[in-house]
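Novice: sequence unknown, structure follows:
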């Protein structure tokens, strides 16, 4: 959710006794540390495997270079998202158990990545791109776009801090965030994520999933934005209407 909420946490009930509070803190920290350990281990395995394959098949192998880069940047995104979210709002990480995974959209994101890598493998097997200049230009554009999108994403998370939530509902203590990157984009987390997805597909130069996956996320984000803005208008009325009229989403046609 790209509007905020006050710093009060639903994890801790002020009426509980001191012992209950300490137990809750221990459970929260255990949940966060377990999530970090799992993602850190996964990243280490993926990085080691990719580097092994890359050096085994040669540093100048286009297929293994792009395959490795794609896996590394996606894993880095997941790990850094979990890390920053856990630092700014531990409740989001601790409550992820209801989704059975620290990342609530993990089925969608990993399904899209498998599809992208499958198409890339087939394209390189049957219709390989031979022009070095062509690959270099698009790879450079993709990497610059990925770095920029990730920077904006974490600027938005930092601006929201403990008020960040993935939920699309409003609470009584929600407040409207209008500072930082929110001055230029009213949904910077969605915008940064969408452009990051576009650039990650540009890295692979997939004609099919390069269009299908961004469209899939465009549709998903469009639905979430519609729900969120309906809730925001009901809660903040004219204040949000004025903000919405002058501030774009920065996702095409949304």
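Specialist: Sure thing, it's come through. These numbers were taken from a predicted model, which means no experiment stands behind them. Numbers count the residues shown, from 1 in each chain.
Novice: can you list the low-confidence ranges for the stretch 1-150 of the chain?
Specialist: 1-40, 43-44, 47, 51, 53-60, 86, 88-104, 129-130 (pLDDT under 70).
Novice: hmm, try it at 90
Specialist: Within the stretch 1-150 of the chain, the ranges that satisfy pLDDT under 90 run 1-111, 113-114, 117, 121-136, 139.
Novice: ok, which stretches of it are strands?
Specialist: 4-5 (DSSP state E, counting those that start in this stretch).
Novice: got it, and the stretch 151-254 of the chain?
Specialist: Counting by DSSP E, counting those that start in this stretch, the strands of the stretch 151-254 of the chain are 174-175.
Novice: run through the helices of it in chain order.
Specialist: Along the stretch 151-254 of the chain, counting by DSSP state H, counting those that start in this stretch, helices occupy 188-204, 209-236, 238-246.
Novice: out of those helices, which is closest to residue 119?
Specialist: helix 209-236 (4.9 Å; CB to CB). For glycine as for every other residue, the C-beta is placed from the backbone atoms N, C-alpha and C.
Novice: the closest one vs helix 188-204, what angle?
Specialist: 180 degrees (axes from the mean of the first three to the mean of the last three CA atoms, to 10 degrees).
Novice: please renumber the chain so that the first residue is 51 from this point on.
Specialist: Sure, I'll start numbering at 51, so the last one becomes helix 259-286.
Novice: quick one: helix 259-286 to helix 288-296, angle?
Specialist: 150 degrees.
Novice: for helix 259-286, buried residues please.
Specialist: The neighbour-count check on helix 259-286 (16 or more other CB atoms under 10 Å) flags 259-260, 262-264, 266-268, 271, 274-275, 278-279, 281-282, 285-286 as buried.
Novice: same check on stretch 121-137?
Specialist: Residues of stretch 121-137 classed as buried: 121, 123-125, 127-129, 131-133, 135-136 (neighbour count, 16+ other CB under 10 Å).
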